[in-house]
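>>> sequence first, then the predicted structure, then my questions.
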Amino acid sequence: MRTPIIAGNWKMNKNPKETQEFLDGIKGKLPESGVETIIGAPAIDLTTLVAGAEGTPLKTAAENSYFEESGAFTGETSPKALDEMGIDYVIIGHSERRQYFGETDEDINKKAHAILKNNMLPIICCGETLEQREAGKAEEWVTGQIENAVKGISAADLAKSVIAYEPIWAIGTGKTATADQAQEMVHVIREKIASLYDADTADKVRILYGGSVKPANVKELMAKEDIDGGLVGGASMDPESFIALATFNK
Ligand SMILES: O=C(CO)COP(=O)(O)O
């Protein structure tokens, strides 16, 4: 049984004070079991986030980390330091990082290894553009991204990791992939994992859908067999909305 995940990705939004306000707003309202809740926040908010999540069911995620643990890499964030401060997950390969910061499949693979080595779990993002989808190339593209991202990762590590399918055309556009479209690609990703690893690993890895997930559509998406949760941008920033997402099964 795969435990569902509702993960927020705040992107470059909220400062430490606003992070604390959010934490105050969700206090005591997240499910204790049955659904895993995660907030991914900007690096500058992580100290506040970790302190507020302590003793609650909320898990924490960084939105990026470098693949080296220390050294002359001005402006980067060390995965070792993230682990030491108590971070649980790191989002990697988000389409915004690929598009605006030139993150390559090779970087993402190196980051995945560094994150696992430092006792955290990667949330590996993948997704196609509208152009690729319309050209019938979406599956080939997305499975290629996944194959590159997981190179050299053991089955045991991958089984604990998280994959997020986020079609670029559905991010922040209000245009959700239909639940059927999302299920179809998430299923293709699971089959790819089965072919790269084995059926057991494919059965264990949790695969999320992201792209305009909100309280109004979360139930329908979560009802799909292969979809294990949501990676949520806009609708994760308001406490009420995040609680509504986290309690989709109530
Ligand atoms: O990019 C996303 C999450 O990582 C999705 O963002 P929205 O939920 O705002 O569409």
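Arrived safely, thanks for sending. Numbering: from 1, shown residues only.
>>> can you count the residues close to Tyr165?
28 (other Cβ atoms under 10 Å). Glycine gets a C-beta too; all of them are placed from N, C-alpha and C.
>>> for it, phi and psi?
phi -90, psi 120 (degrees, to the nearest 10).
>>> which bits of this protein sit near the ligand?
Residues of the chain found near the ligand, taking Cβ under 6 Å from any ligand atom as the criterion, are 9, 94, 166, 171-172, 210-213, 231-235.
>>> looking at the residues you listed, which are in helices?
Assignment to helices by DSSP state H places none of those there.
>>> lowest-confidence one in those residues?
Among the residues of the chain next to the ligand, Gly172 has the lowest pLDDT, at 81.
>>> can you give me how far stretch 191-204 is from the chain middle?
19 Å (Cα atoms, centre = their mean, to the nearest Å).
>>> now it: buried residues?
192-193, 196-197, 201-202, 204 (16 or more other Cβ atoms under 10 Å).
>>> what's the burial count for whatever residue of the chain ends up closest to the ligand?
In the chain, the residue that lies nearest the ligand is Gly233 (2.4 Å; Cβ to the nearest ligand atom). Other residues lying near Gly233 total 23 when counted by other Cβ under 10 Å.
>>> Provide a list of residues in contact with it.
Applying Cβ atoms under 8 Å, 6 or more residues apart in numbering, we find Gly233 in contact with 8-11, 171-172, 210.
>>> now swap in Ser95 and tell me
Contacts for Ser95 (Cβ under 8 Å, 6+ apart) come out as 125, 127, 166, 168, 171.
>>> which residues sit against the longest helix anywhere in the chain?
Assignment by DSSP H gives helix 179-196 as the longest helix of the chain. Here helix 179-196 makes contact (Cβ under 8 Å, 6+ apart) with 126, 138-139, 142-143, 146-147, 150, 158, 163, 165, 167, 176-177, 201-203, 205, 207, 209, 217, 220-221, 223-227.
>>> try it again with 6 Å
With contacts defined as Cβ atoms under 6 Å, 6 or more residues apart in numbering, helix 179-196 is touched by 139, 143, 146, 165, 202, 205, 207, 209, 220-221, 224, 226-227.
>>> again, but for stretch 28-36
Applying Cβ under 6 Å, 6+ apart, the contact partners of stretch 28-36 are 3-6, 37, 57-58, 243, 246.
>>> could you tell me which of those are located in helices?
Of the contacts of stretch 28-36, the ones assigned to helices by DSSP H are 243, 246.
>>> which pair in the contacts of stretch 28-36 spans the largest distance?
Spanning the widest gap among the contacts of stretch 28-36 are Thr3 and Ile243, at 17.9 Å by Cβ to Cβ.
>>> more crowded one of these two?
Regarding Thr3 and Ile243, a neighbour count based on other Cβ under 10 Å identifies Ile243 as having more, with 17 against 11.
>>> now secondary structure and pLDDT too, for the contacts of helix 179-196, in CSV please.
Formatted as CSV, the contacts of helix 179-196 follow (DSSP: H, G, I helix; E, B strand; the rest coil; pLDDT from 0 to 100):
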residue, secondary structure, pLDDT
Glu139, helix, 97
Thr143, helix, 98
Ile146, helix, 98
Tyr165, strand, 98
Ala202, helix, 98
Val205, coil, 98
Ile207, strand, 98
Tyr209, strand, 97
Glu220, helix, 97
Leu221, helix, 97
Lys224, coil, 98
Asp226, coil, 98
Ile227, coil, 98
